[in-house]
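>>> Sharing a model that was predicted from the sequence below.
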Amino acid sequence: MPAPSQLQTVFGKLRAILQKHAPGLLVSQDSSELYGLEATPGPATLRSWGGTLRRPRIPVAWVAMHKSYVSYHFMGLGHPKVRGTLSKQLGARMQGKTCFNFKTDDAVMFRELDEVTGRGLAAFRKAEFI
């Protein structure tokens, strides 16, 4: 199991990625164990909801500390053009459709995750989901 200080380092670096992309988004959670971003639903989201606003904000991305790993959740991975750009190495860290788990600091993976996050947010905005 990774040392708690190692996981705090991982959390801090993943949080920094989200903070870099936070302009234009709303910070929904900001603690030592959870950092989350939300957005106002865009026209495409409203159409998918049948034209009715179901909630004022939707989750976009968050990083969460767990006992033995740190998770990075990014809803923009649901876009096929974004998911299709992942390297095999980053894809191997996926858990489900929109989550990556990390136990150690990995500069190469974090750099790619930063790029993927930027592309995914751009795709979300272009498709008018946010």
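Okay, I see it. Owing to the predicted nature of the structure, the values given are computational and were not obtained by experimental measurement. Numbers count the residues shown, from 1 in each chain.

>>> ok, the spatially closest residue to R15 that is not a sequence neighbour - how many residues close by?
Spatially, and ignoring its direct neighbours in sequence, R15 is nearest to Y35 (4.6 Å; Cβ to Cβ, 6 or more residues apart in numbering). Using the backbone N, CA and C atoms, a C-beta is placed for each residue, glycine as well. Neighbourhood size, Y35 [other Cβ atoms under 10 Å]: 24.

>>> any idea which element Y35 lies in?
Assigned by DSSP states H and E, Y35 falls within strand 34-39.

>>> pLDDT averaged over that strand, what's the number?
Per-residue pLDDT values over strand 34-39 give a mean of 98.

>>> And for it, what's in contact with it?
15, 18-19, 21-22, 24-30, 57-65, 124, 130 (Cβ atoms under 8 Å, 6 or more residues apart in numbering).

>>> Counting by contacts, list what the very next helix or strand once past it packs against.
Sequence order places helix 43-48 as the next helix or strand after strand 34-39, per DSSP H and E. Judged by 3 or more Cβ pairs under 8 Å, 6 or more residues apart in numbering; DSSP states H and E, helix 43-48 is in contact with no other helix or strand.

>>> Looking at helix 43-48 now, give me its mean pLDDT.
Helix 43-48 comes out at a mean pLDDT of 94.

>>> what about that helix, distance to the chain center?
Distance of helix 43-48 from the chain centroid (Cα atoms, centre = their mean, to the nearest Å) equals 20 Å.

>>> buried set for it?
T45 (16 or more other Cβ atoms under 10 Å).

>>> Export it to PDB, keeping only CA atoms.
What follows is helix 43-48, C-alpha atoms only, in PDB (Å, rounded to 0.1, in the frame of the first residue of the first chain):
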ATOM      1  CA  PRO A  43     -28.300  23.400 -24.500                       C
ATOM      2  CA  ALA A  44     -27.300  19.900 -25.400                       C
ATOM      3  CA  THR A  45     -27.700  18.700 -21.800                       C
ATOM      4  CA  LEU A  46     -31.100  20.400 -21.600                       C
ATOM      5  CA  ARG A  47     -32.200  18.600 -24.800                       C
ATOM      6  CA  SER A  48     -31.100  15.300 -23.400                       C
END
